[in-house]
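Chemist: no FASTA, just this:
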C-alpha cells in the first residue's frame, strides 16, 4: 500500500512536467519530436554540406551520410558526438546501437543513417580528418 501511495504521489508531482512535454508512448523518439536533416556528402573535393546545421536540444534527428566512393573518407567530431545521444546507426539495413561514436569512415561508396537526440547546447563541427578547407567541414549548432 505504501508503494502504491508513493507511486501515486510521484505521478502527481511529475504530471505537470510530463504534460509539458507529452511526446506519447515513444517519448523523445516519437514522430512528433523527430526531424530529418539535410544529407551530408563525402566526396573528394566537394563540400560536405550547404551550410551550418542548427539543432534544438531535446529534439530527435535523423541524418543520412553518403559517400560516393571517390576516396577513403571519414568524418570526425568527438565534441559533437559527446553532445548527442545516439539511438542507432544504420548501415546496409543493419542497425547498430552504439554506446558512443568518435568518428566514421567509408572505405567505399555507401550510405549511413544516424538517429540521435541533441543534448548539450553549443557549437560543434564534423570534418574530414586532416583537411583544412572550409567546405570539408560542417558546423553544427545545438540551441
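Modeler: Received, thanks. All values derive from a computational prediction rather than experimental measurement. Numbers count the residues shown, from 1 in each chain.
Chemist: Nearest residue to residue 92 in space, please, no chain neighbours.
Modeler: residue 110 (7.2 Å; C-beta to C-beta, 6 or more residues apart in numbering). C-beta: built from backbone N, CA, C; applies to glycine.
Chemist: Could you list the domains of this protein?
Modeler: For the chain, automatic domain parsing gives the domain ranges 1-27, 37-142.
Chemist: can you put those in JSON lines and add mean neighbour count and mean pLDDT?
Modeler: Listed next are those as JSON lines, based on neighbours: other C-beta atoms under 10 Å; pLDDT from 0 to 100:
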{"stretch": "domain 1-27", "mean neighbour count": "9", "mean pLDDT": "48"}
{"stretch": "domain 37-142", "mean neighbour count": "16", "mean pLDDT": "94"}
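Chemist: Okay, and residue 138 sits in which element?
Modeler: strand 137-142 (DSSP states H and E).
Chemist: Give me the sheet partners of that strand and which way each runs.
Modeler: strand 53-55 (parallel), strand 122-127 (antiparallel) (DSSP bridges).
Chemist: which one of these lies closest to residue 102?
Modeler: strand 122-127 (11.6 Å; C-beta to C-beta).
Chemist: in this protein, which spans are helices?
Modeler: 2-20, 78-82 (DSSP state H).
Chemist: and the residue nearest to residue 92, how far is that from residue 67?
Modeler: Separation of residue 110 from residue 67 (C-beta to C-beta, to the nearest Å): 6 Å.
Chemist: one step back: output the strands paired with strand 137-142 in TSV; the columns should cover distance to residue 78.
Modeler: Conversion of the strands paired with strand 137-142 to TSV gives the following (distance: least, C-beta to C-beta, whole Å):
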stretch	distance to residue 78
strand 53-55	17
strand 122-127	9
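Chemist: For residue 136, find the nearest of these.
Modeler: Closest among these, using C-beta to C-beta: strand 122-127, at 6.1 Å.
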